[in-house]
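> Pasted the sequence and its predicted model underneath.
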Amino acid sequence: MTPTQPDVTVIIGAYEAMPYLVECLASVEAQTLDPARIEVVAVDDGSADGTGDYLEEFAARAPMAVTVIRQENSGGPSGPRNVGLGKAAGRYVFFLDADDRLGTEALERMVAMADRNGTDVVLGKVEGVNRNAPKSMWGKNRDRTDVFSSNIKFTLSAQKLFRRAFLERHGMRFDESLWTGEDALFTMEAYLRADGVSIVADHTCYYLVGRDDGKHVTKSGSYTLRFDSARALMGLLERMVPPGPKRDVLMVRPFLVTLLPQFGPVFLRQDEEIRRKKFELAQPLMEAYWNEGVAQRLKVHERLRLHLVAMGRPDLLVDVLEFMKAKTEPKPVLRKRGTQLYLAYPHYRSRRAGVPDRVYLAEPREAKAYPGWRETPAETFLRGATRKVRRKLSRVKRRLTRPRGTAAV
């Protein structure tokens, strides 16, 4: 690090961001990290609402170095982020959306976490404001983890701290051909390439703000863009992760988060032409990437809907969606002395429909909520064996760490 090199470059891509930009920039100005250690690169992507002018005003009075770039509209968030990344000088970069804001101490805590552990990516706890935010990965601080042994695959937005030398070494940039999901592609690649990922879970570092003017990027765009996003992410996983359980674990994410919503309640409100087109777009993805390893990691209603998409049966899918819309609970069917639980959604055991029984079979994590289900002896044995191994390892660890000459109590 040179004496003048900032610790972190905050990259802000802004388009029609007023008045949200005011609080966004105020949150940058309020950071506890020394302003001399922060630089801001803000890219106005052809706004006509005063966004560029406000960025210029902020640059003139801000206590940290601020560079403002004004350009013609690029059509999406990737272009401005790539421009900002090309101008960044910090050891780390953080991508801040212009309608969101940083939590107090966010940059200080994330930079300290990365420096302490030598990790390439740091996630700071996210809190939603008028919108939902990911929750499953914030259980505790984690100095070092990866995408396979944590739930970070369910937060693929770009609002993370990235080591800039790491991004440059791998030539990483946002895909400007994607109009949505470009951050998922970028972040998943970073997770897979990173020398460790850290999580700051005990402090809110980022406020994800829901705009009330309907302009938020995740709420706009054609359904075809979602299929483009799913296709790109699935292709990345195919290239970077060999076939097997690890790939299946990660493939759950695009199937569950990107593809499945296209075959949810919205499907019932769409006309026949859109329904047909959706099945056409999904078919090559199902043929290439849908398998039992992915399917068994989903709940029954999720697995069933995707299986019907793979079968090319929109008629059966509509029956399932109508059943779910009515908030009808599927009848639980216990078999093999209560060790197998099937959830009888529409067309269960229907010869005419031809859906295999296994599609309706609840995995243990879902089945345990139903009275009467019990684990198989093998599952019970394995769980007990795991506990025994852990106890033995704990005893060995205590012996190894006990000071010499002391007796066990």
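Now that the structure is in, tell me what you want to look at.

> hey, where'd the strands end up in the chain?
With DSSP state E as the criterion, the chain has strands at 8-14, 38-45, 65-71, 92-97, 101-102, 121-129, 142-145, 161-163, 197-209, 331-335, 340-344.

> Tell me which of these sits nearest to residue 249.
Among these, the nearest to residue 249 by Cβ to Cβ is strand 142-145 (13.9 Å). (Each C-beta comes from the backbone N, C-alpha and C, glycine too.)

> what comes up buried for the closest one?
Buried residues in strand 142-145, counted by 16 or more other Cβ atoms under 10 Å: 142, 145.

> do the same with stretch 247-262
247-260, 262.

> End to end on that stretch, go ahead and measure it.
22 Å (Cα to Cα, to the nearest Å).

> Also stretch 231-249?
17 Å.

> any idea of the mean pLDDT in that stretch?
Taken as a whole, stretch 231-249 has a mean pLDDT of 98.

> Just the buried positions in that stretch, please.
So stretch 231-249, judged by 16+ other Cβ under 10 Å, has buried residues 231-234, 236-237, 241, 247-249.

> and of the residues you listed, the nearest to residue 153?
Of all those, residue 153 sits closest to residue 249, with 7.7 Å by Cβ to Cβ.

> so what's the closest one closest to, chain neighbours aside?
Spatial nearest neighbour of residue 249, chain neighbours left out: residue 148 (6.3 Å); criterion: Cβ to Cβ, 6 or more residues apart in numbering.

> Any idea how many residues pack against that neighbour?
Using other Cβ atoms under 10 Å, residue 148 has 14 neighbouring residues.

> try residue 177
10.

> Can you tell me how far it is from residue 250?
Separation of residue 177 from residue 250 (Cβ to Cβ, to the nearest Å) stands at 22 Å.

> Out of the buried residues of stretch 231-249, which sit inside helices?
In helices, judged by DSSP state H, the following of the buried residues of stretch 231-249 are found: 231-234, 236-237, 247-249.

> Can you lay out these as TSV showing distance to residue 375?
Output for these, formatted as TSV (distance: Cβ to Cβ, whole Å):
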residue	distance to residue 375
231	38
232	39
233	34
234	33
236	36
237	31
247	27
248	23
249	22
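
> Tell me the confidence at residue 392?
64.

> So the residue nearest to residue 249 versus residue 248, what's the distance?
Look at residue 148 and residue 248: by Cβ to Cβ, they are 11 Å apart.

> Check residue 327 too.
Residue 327 is 31 Å from residue 248, by Cβ to Cβ.

> list the contacts for residue 111?
Neighbour list for residue 111: 7-8, 33, 92, 122, 161 [criterion: Cβ atoms under 8 Å, 6 or more residues apart in numbering].

> Would you mind checking which of those residues is nearest to residue 27?
Among the contacts of residue 111, residue 33 lies closest to residue 27 (Cβ to Cβ), at 12.3 Å.

> And the residue nearest the centre of the chain, what's its pLDDT?
What sits nearest the mean C-alpha location of the chain, by Cα atoms, centre = their mean, is residue 155, with 2.3 Å. At residue 155, the pLDDT value in this model is 96.

> Now for it: which residues touch it?
123, 126, 134, 137, 187.

> how about the residues you listed in a markdown table, adding neighbour count, pLDDT and distance to residue 167?
Formatted as a markdown table, the contacts of residue 155 follow (neighbours: other Cβ atoms under 10 Å; pLDDT from 0 to 100; distance: Cβ to Cβ, whole Å):
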| residue | neighbour count | pLDDT | distance to residue 167 |
| --- | --- | --- | --- |
| 123 | 28 | 98 | 16 |
| 126 | 21 | 97 | 21 |
| 134 | 17 | 90 | 22 |
| 137 | 19 | 94 | 21 |
| 187 | 25 | 98 | 11 |
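
> And the closest residue to residue 278 other than its chain neighbours, how close does it get to residue 305?
Once flanking residues are discounted, residue 278 sits nearest to residue 262: 5.7 Å by Cβ to Cβ, 6+ apart. Distance from residue 262 to residue 305, counting by Cβ to Cβ: 10 Å.

> can you check residue 89 too?
Taking Cβ to Cβ as the measure, residue 89 falls 48 Å from residue 305.

> swap in residue 184?
21 Å.

> Give me the residues contacting stretch 55-71.
6, 14, 21, 25, 28-29, 35-36, 38-46, 52, 79-80, 83-84, 87.

> at 7 Å what do you get?
14, 25, 29, 35, 38-46, 52, 83, 87 (Cβ atoms under 7 Å, 6 or more residues apart in numbering).

> now do stretch 168-177
Outside stretch 168-177, the residues that touch it by Cβ under 7 Å, 6+ apart are 76, 78-79, 81-82, 85, 182, 185-186, 189-190, 193, 232.
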